[in-house]
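1. Structure here, sequence nowhere to be found:
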């Protein structure tokens, strides 16, 4: 039987024909103004793409697991580590919580030490009791990263763990500290990098530098800024350590990148793919072997778009964001608990955060396919656009003298603050929606308990030097502060009311009423709505009877 290709009876349609048909359907509306999106990242997005739009993209040829790693490091499937963050208070209690997390699906834990938590070898013994360090990624954030690293190395040796299988990281990022505080923590913080490189010898899978790119996103920067400045920070560390005599191949295995995952679903997928390409190219310029040029990326849900009001919506936000990180082939993923923005996460919130990844892995089978986004005309063009614009900004930062000099000159702050202001204006004018905050608020929800004021107005980092720091804040904070003040006022006095006198045909009055309910509901006002009045006189009579003031 002769085989016949499907759809042979249909004539091919050119791009020009598609565009002509779209213009006809617009019925006189301007094609460019109506359908072409001008992104804050600096490039345009077309209303449709076809195969011809990706034929010139050279990075599409290599398979997953191959340089420049646009398609990830996994050659089969899409494996990532499910991480849970634990604040270290009592060592034994934290150990139990870690054991519970690992028993219920996590395979990576981050221990965050406060000033009082013990991080010496004895303390690590209590903290890591019954935890298999050969199978669990161990991440540590402590005041003395070098000391913790040395204690961990001794602990691994005494407990006879296979040091080559011990993976994880110690958080140390002096450039991040500079960015958030306007000064370095110590007079020469980079000496610790060299010392940590030496201390980590014998733990080949352990990383001692975290380039924290989350700060740029959470300060309001665009994806391009987040990528470019993270690249600049990473290349700074590479340059410093290679100048100190370490080989480029050795240094790259010690660096881990951390990125925030925001609500722009497809853009976030493209971000991870584009970043791997650019970092691989930078490492190649340093002389790193191609097989060693893959980046290690830890994805964390963005703090910036999370809300205090209607907090369960945060679960929807983190789910789609986590999907982006997975499809973008992040190596480690931390899901923020839905109550993270306003309280110490409860055990239920931590469990849900962990289970979100388990469902995506075990029930949605997101781990079965390597780089499922490959070949998508839209995502590939987003990836290419991010590569071009991020590289352009990286070079501009380099022209300023590198990350440190660019930050001291205010180049980085000026750009991030300008981008944040544009985003905040869009939110203030409700052109950009934050569900439950500036659009469709739950008017029956009230905060009756005391909340830390920093939830709405983050405390500014003390600026003792001459460099201004970046400010991390939630985009919803200004709206929520207004509503919280209303809730506090209502506790002592009465809740402000809005009584809607609705007139006109049903479609018109419902549209106006819905707008008014949203507008005043965002401020915490009580809304009294009616199905409609036949006349103004009828409405006035009802208002006098109800006496809504």
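-> Happy to help now that I have it. Since we're looking at a predicted model, the values are computed, not measured.
2. mind listing the strands in the stretch 201-350 of the chain by residue range?
-> Using DSSP state E, counting those that start in this stretch, the strands found in the stretch 201-350 of the chain span residues 206-207, 209-212, 255-261, 297-301, 332-334.
3. Any figure for the gap between residue 388 and residue 90?
-> Counting by Cβ to Cβ, to the nearest Å, the gap from residue 388 to residue 90 is 50 Å. For the C-beta atoms, the positions are set from N, CA and C on the backbone; glycine is no exception.
4. Equivalent analysis for residue 284, please.
-> Shown here: residue 284 relative to residue 90, a distance of 47 Å by Cβ to Cβ.
5. ditto for residue 218
-> Here residue 218 is placed at a distance of 30 Å from residue 90 (Cβ to Cβ).
6. which of those two has more neighbours?
-> Comparing residue 218 with residue 90 by other Cβ atoms under 10 Å, the one with more neighbours is residue 218, at 25 against 12.
7. ok, that one touching residue 260?
-> Yes. With contacts counted by Cβ atoms under 8 Å, residue 218 reaches residue 260, the gap being 5.8 Å.
8. Quick check: neighbours shared by those two?
-> Overlap of the contact sets of residue 218 and residue 260 (by Cβ atoms under 8 Å, 6 or more residues apart in numbering) consists of 302, 303, 304.
9. which residue ranges form the strands in the chain?
-> Here the chain has its strands, by DSSP state E, at 37-38, 44-45, 81-88, 108-113, 137-141, 168-170, 206-207, 209-212, 255-261, 297-301, 332-334, 497-499, 526-528.
10. Tell me which of those strands sits most buried.
-> Scoring the strands of the chain by mean neighbour count under mean count of other Cβ atoms under 10 Å gives strand 297-301 as the most buried, with a mean of 28.
11. Can you spell out which helices and strands pack onto that strand?
-> Here strand 297-301 touches strand 255-261, helix 265-285, helix 313-327, strand 332-334, going by 3 or more Cβ pairs under 8 Å, 6 or more residues apart in numbering; DSSP states H and E.
12. between the ones you listed, which gets nearest to residue 532?
-> Of all the helices and strands packed on strand 297-301, helix 313-327 sits nearest to residue 532, with 30.4 Å by Cβ to Cβ.
13. related to what we said a few turns ago, mean pLDDT and distance to residue 149 added to the strands of the stretch 201-350 of the chain, as TSV?
-> As requested, the strands of the stretch 201-350 of the chain are arranged in TSV below (pLDDT from 0 to 100; distance: least, Cβ to Cβ, whole Å):
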stretch	mean pLDDT	distance to residue 149
strand 206-207	98	8
strand 209-212	98	11
strand 255-261	98	14
strand 297-301	98	18
strand 332-334	98	19
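14. In the chain, which helix is the longest?
-> helix 377-399 (DSSP state H).
15. Pull the distance from that one to the chain's centre.
-> Its chain's average C-alpha position is 18 Å from that of helix 377-399, according to Cα atoms, centre = their mean, to the nearest Å.
16. what angle do it and helix 265-285 make?
-> Counting by axes from the mean of the first three to the mean of the last three Cα atoms, to 10 degrees, helix 377-399 lies at 50 degrees to helix 265-285.
17. Give me the contact list for helix 377-399.
-> Here helix 377-399 makes contact (Cβ under 8 Å, 6+ apart) with 39, 41-43, 45-46, 49-51, 53-54, 57, 59-60, 70, 223-225, 227-229, 231-232, 235, 266-267, 269-271, 273-275, 277-278, 373-374, 403, 406, 411-412.
18. For that helix, which residues meet the burial criterion?
-> Using 16 or more other Cβ atoms under 10 Å as the burial criterion, the residues of helix 377-399 that qualify are 378-387, 389-391, 393-394, 397-398.
19. That helix versus helix 313-327: what angle between them?
-> Angle, helix 377-399 to helix 313-327, by the same axes, to 10 degrees: 90 degrees.
20. Now do helix 377-399, average pLDDT.
-> Taken as a whole, helix 377-399 has a mean pLDDT of 98.
21. low-scoring stretches of this protein, by residue?
-> For the chain, the stretches flagged by pLDDT under 70 are 1-2, 4, 459-465, 549.
22. hang on, the earlier thing: and of the shared contacts of residue 218 and residue 260, the nearest to residue 367?
-> residue 302 (23.0 Å).
23. What count of nearby residues applies to the closest one?
-> 23.
24. so which of the strands of the chain gets nearest residue 179?
-> strand 209-212 (8.4 Å).
25. Which neighbouring elements make contact with the closest one?
-> Here strand 209-212 touches helix 174-181, helix 223-243, strand 255-261, going by 3+ Cβ pairs under 8 Å, 6+ apart.
26. which outside residues touch it?
-> 169, 171-173, 175-176, 193, 196, 230, 233-234, 237, 254-258, 298.
27. Repeat that for stretch 445-459.
-> The contact list for stretch 445-459, computed with Cβ under 8 Å, 6+ apart, reads 308-310, 341-342, 471-474, 477-478, 480-481, 483-484, 487, 490-491, 524.
28. Please pick the buried ones from those.
-> The neighbour-count criterion (16+ other Cβ under 10 Å) marks 308-310, 341-342, 471-474, 477-478, 480-481, 483-484, 487, 490, 524 among those as buried.
29. Okay, and which of the residues you listed map to helices?
-> Counting by DSSP H, the buried ones among the contacts of stretch 445-459 contribute 477, 478, 480, 481, 483, 484, 487, 490 to helices.
30. which residues sit in contact with the third one?
-> Okay, so that is residue 480. Taking Cβ under 8 Å, 6+ apart as the definition, contacts of residue 480 comprise 307, 308, 309, 437, 455, 456, 474.
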